[in-house]
Each structure stands twice: as C-alpha cells, then as structure tokens.
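[1] model the following, please.
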Amino acid sequence: MFFKDEFFYLSNFYPAPVQSWGLTFSCSEALYMACKSTDPSVREEFAQRAHTGALAKHMGKTIAIRSDWDEIKLEVMEHVIRKKFRTHPDLAKKLVELDEEIVEHNRWHDNFWGACTCNRCTYKASHNHLGRILMKIRKELRES
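    Model prediction:
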C-alpha cells in the first residue's frame, strides 16, 4: 500500500506531533531525523523548524550523523513509531483495525524501509522495515 490518502496516517510525514527531550516535533519524521544527532541544539532546530516531514527529511541530510546511527536506526524508528501511536489513540485505533499486511510501497527506490515498485527495483529484495515495525506495534496494541 502507498502511505497516502486513507493510509497517510501510517506515514512518518503524517502531521501527528510527538514529544521528546521536552520538545514537540511536528511529525514522527522530524523526531526520527532529530535522533540522528546527539547535539541538543540540532534536536531543538528540528523541533522549531521542521514543520513538515519533507522538510525534516531534507534537514536530516545536512547534519552530522552520530557514529552509531547504522547500529541503532531500527531501534530508534521503532521507538518513534511507538511514541506516535501511543500519543494519538485515534491513529492507534485505525492501525489496530487495519487487517492487512503493511508494506510501505514507494517509487523512490527505498527497499530498506519499504518496497519500491518501479521497474528498476522489481528484482531487488525489499526489507520493508517500516511495515514490519508498524505490524509489530499493531500486534502490541491489539494485545494490550
């Protein structure tokens, strides 16, 4: 599924504010990108300036990334997504009611977080880590 229209709430770009370090971030993408840095001033900049997921993603490409990022990014994403759905019960309810496999289809060649559907990526393996995290959190929500 593409994370737009009725499924946009699954996207990290969905405008669902989340808090961390005493700061409020406009969406889970802004918080995730802020986590790439250990510098409190960089994190504050994401909270103040990243008003959209697209802007947060762009800003995340311009900062110095913490040295352990590759080792912790999946754990960080899971924490951020869990925080999003705990903060917004209306979104959690929609996630729980979704009875299908969650695959973040995209056309920007991201086979790590999702599954690219373009002709160039047809034969590449997709890891769908974002979809897997969402399904894990959905299971936790259903069991609680």
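
[2] from here on, just use CA atoms for contacts and neighbour counts.
    Will do.

[3] lowest-pLDDT helix or strand in this structure?
    strand 105-106 (a mean of 90; mean pLDDT, DSSP states H and E).

[4] what number of residues lie near the residue nearest to G60 when sequence neighbours are not counted?
    Leaving out its chain neighbours, the residue that sits closest to G60 by CA to CA, 6 or more residues apart in numbering is M33, at 5.2 Å. By the measure other CA atoms under 10 Å, the count of residues near M33 is 25.

[5] so M33 is in which element?
    Secondary structure from DSSP states H and E places M33 in helix 28-34.

[6] now do that helix: distance to the chain's middle.
    7 Å (CA atoms, centre = their mean, to the nearest Å).

[7] kindly report the same for stretch 45-63.
    For stretch 45-63, the distance to the chain centre is 13 Å (CA atoms, centre = their mean).

[8] same check on stretch 91-103?
    Worked out by CA atoms, centre = their mean, stretch 91-103 lies 15 Å from the chain centre.

[9] buried residues in it, which are they?
    L91, A92, L95, V96, I102, V103 (16 or more other CA atoms under 10 Å).

[10] doesn't F8 make contact with the first one?
    To tie it back to what came earlier, the one meant is L91. No. L91 lies out of contact with F8 (CA atoms under 8 Å); the separation is 10.5 Å.

[11] returning to that earlier point: following the least confident helix or strand of the chain, which helix or strand comes up?
    Using DSSP H and E, the first helix or strand after strand 105-106 is strand 115-116.
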